[in-house]
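J.: just need the structure, nothing else, for what follows:
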Amino acid sequence: MLPVALDAMGGDKAPGEVVAGAQRAVAELGVPVVLVGPSAQLAPLAGELPVLEAGEVIAMDEDPAQGVRRKKDSSLVRAAEAVRDGKASAMVSAGNTGATMASALLRMGRIRGVSRPAIATPIPVPGSTPTILLDAGANAECQPEWLVQFAQMGSVYARERFGVAEPRVGLLSIGEEAAKGTPLVKETHQLLASAPGVRFVGNVEGRDIMSTDVDVVVTDGFTGNVVLKTMEGTVRRLIEALLTAFGSSPQAEAAAQQLLPALTPLYQSMDPDTYGGAMLLGVDGVCIISHGSSSARAILNAIAVAREMVEADLVGRLRAAVAQGA
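T.: Here you go, the predicted structure:
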């Protein structure tokens, strides 16, 4: 397998945690990785990992489109070019999400027939496989036909990444009834009811996303990003409240010692680092977008996902699904 091109300068903890995650991926998984970034800065950390020179960095708060246009020698752009040019099998970045998406789209291009790429994010479901939420932020405004493509691509992703044989697809709305929702939701509902390659189960509400009733939830990128950030914040505050309660008294601390072994697997299933990141579906290459605060463990898991999707020929399967639905 060709190496995974890792944006070594992307993320709040770059380059230290990013490089550490790459080293773990090589040692523990046997996945080849090439670091992309300024060699002078990475050389002391890289060890035996190869470095693809990139002299610029697109900052986390930088305008994505302008950053990609102006900084053609940035680590993000060079990583995307490595995939385009057949020097890497996939790209991974915990950097600026918009710039990652723009780099992948402009350098790799779209799969033929795809109207807009979408960010597919796994939402943890305790005791079950995650729900795929898309679009999680790539397209603030959408057309009904785009959401249908999101459903088709999300179904393929759920099958290949999580082994769901016949993914159930729900359309995010304010009620289960077909007549409820915005004009976009109502029109999309009609199209999804007869869309090829989609097992449409109707409208779902926000409370259903973390349930076992649906495998893929489609929505526009504005709504999807609000949902994602709301869920992340809620889970974080809940965990903080539990930890505070566990330390509130000697009795609570004693009870926590008994409960922690049972709660640890639940915590791990809710931790974003477990899933490595989201995938940008619709570009002509594997692109994993990790959380900005990704640890070495998150980078390790992101590289693992990249390898799995390359080996599963996800892009080829997406291409076939889009062609079938055209």
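J.: I'd assumed Ile58 was in a strand, is it?
T.: No: going by DSSP: H, G, I helix; E, B strand; the rest coil, the assignment for Ile58 is coil, not a strand.
J.: please name the nearest non-neighbouring residue to it.
T.: Counting by CB to CB, 6 or more residues apart in numbering, Gly67 is the residue found nearest to Ile58 once chain neighbours are left out, at 3.9 Å. Bear in mind the C-beta positions are built from the backbone N, C-alpha and C, glycine included.
J.: touching, that neighbour and Ala99? I think so.
T.: Yes: counting by CB atoms under 8 Å, Gly67 touches Ala99, with 5.0 Å between them.
J.: show me which of these two is the more surrounded one.
T.: Between Gly67 and Ala99, Ala99 has the larger neighbour count (other CB atoms under 10 Å), namely 26 against 23.
J.: can you name the residues that contact the more buried one?
T.: Ile58, Glu62, Pro64, Gly67, Val68, Ser74, Leu76 (CB atoms under 8 Å, 6 or more residues apart in numbering).
J.: turn the residues you listed into TSV, columns for secondary structure and distance to Phe150.
T.: Below are the contacts of Ala99 laid out as TSV (DSSP: H, G, I helix; E, B strand; the rest coil; distance: CB to CB, whole Å):
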residue	secondary structure	distance to Phe150
Ile58	coil	26
Glu62	coil	27
Pro64	helix	20
Gly67	helix	26
Val68	helix	23
Ser74	strand	28
Leu76	helix	24
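J.: measure the residue nearest to the spatial centre of the chain to Ala241 for me?
T.: Compute the mean C-alpha point of the chain, and by CA atoms, centre = their mean the closest residue is Ala278, 0.3 Å away. Going from Ala278 to Ala241 by CB to CB, to the nearest Å gives 27 Å.
J.: what bridges to Thr131?
T.: Ile123 (DSSP bridges).
J.: mind listing what's buried in the helix or strand bottoming out on mean pLDDT in the chain?
T.: Here the helix or strand of the chain ranked lowest by mean pLDDT, DSSP states H and E is helix 250-270, holding a mean of 85. For helix 250-270, the neighbour count (16 or more other CB atoms under 10 Å) marks Ala256, Met270 as buried.
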